[in-house]
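Trainee: Make a model of this:
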Amino acid sequence: MTKKPLLCLLLSLLLFSTGFAHDPRLFTGFPLVDTDAWTPVQVTVWPVTLFSVQAVYGINLAPGLLSFERRVYGISLTLMGGAGKLYGVHCGLACIAEQSTGLMVGLSNYCKSNRGVIIGLINFSSDSYDAAGSTENLIQLGVFNQAENGLQIGLLNYNQNALVPWMPLVNFSR
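Mentor: Now for the predicted structure:
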């Protein structure tokens, strides 16, 4: 493994071991324009963000280190970023979402409630429960996947509710 991919992997693992995965709102940037509406384009170069908004309907770009938006409907391209609710596509080195309905692609991904597809080297879905009392995870594709339910395809998969919790290649539970 060359130094750059190893450094990216270590950075994303460090990110998950910090408070960012548990409360990413700690890393929202300081807005240049203070509004509570929505925007079609959001740009963040942490620690500065273009708008202070409730939702992004369009494109969220964060070429800087960190980014967090409350809701993103569309495309989110970040180095290390998150969203409270994501409806669409989120790409980056480390992607975090409280709720994802769509596609997350990154080296490492963390999602409390995954109603879509997560693709990455390392994928986590938490054990938080929704209003019906069940966790949600649709599909994870990666080298290592961890979830409470759903379909996992990867080199090593952990699902404590599956018939066999640790499985290579494929694991599943409802």
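Trainee: Which parts of this protein are helices?
Mentor: For the chain, the helices defined by DSSP state H cover 3-17.
Trainee: what about the closest residue to P63 other than its chain neighbours, how many residues close to it?
Mentor: Excluding the flanking residues, the one nearest P63 by C-beta to C-beta, 6 or more residues apart in numbering is V45, at 6.3 Å. Quick note: C-beta positions are derived from backbone N, CA and C, even for glycine. V45 has 15 neighbours, counted by other C-beta atoms under 10 Å.
Trainee: so where's the chain uncertain?
Mentor: For the chain, the stretches with pLDDT under 70 are 1-31, 127-135.
Trainee: Can you report how many residues lie near the closest residue in space to R70 that isn't next to it in sequence?
Mentor: The shortest distance from R70 to any non-neighbouring residue, by C-beta to C-beta, 6+ apart, is to G84 (4.6 Å). When neighbours are counted by other C-beta under 10 Å, G84 registers 18.
Trainee: so G84 makes contact with R71?
Mentor: Yes - G84 is in contact with R71 according to C-beta atoms under 8 Å; the separation is 5.9 Å.
Trainee: Any figure for the gap between the residue nearest to R70 and L32?
Mentor: According to C-beta to C-beta, to the nearest Å, G84 and L32 sit 21 Å apart.
Trainee: so G154 makes contact with G142?
Mentor: Yes - judged on C-beta under 8 Å, G154 makes contact with G142 at a distance of 4.6 Å.
Trainee: got any residues that touch both of the two?
Mentor: N123 (C-beta atoms under 8 Å, 6 or more residues apart in numbering).
Trainee: mind checking how far the longest strand anywhere in the chain is from the chain centre?
Mentor: Taking DSSP state E as the criterion, the chain has its longest strand at strand 55-125. Its chain's average C-alpha position is 4 Å from that of strand 55-125, according to C-alpha atoms, centre = their mean, to the nearest Å.
Trainee: which helices and strands does it pack with?
Mentor: For strand 55-125, the packing partners by 3 or more C-beta pairs under 8 Å, 6 or more residues apart in numbering; DSSP states H and E come out as helix 3-17, strand 38-45, strand 137-146, strand 150-158.
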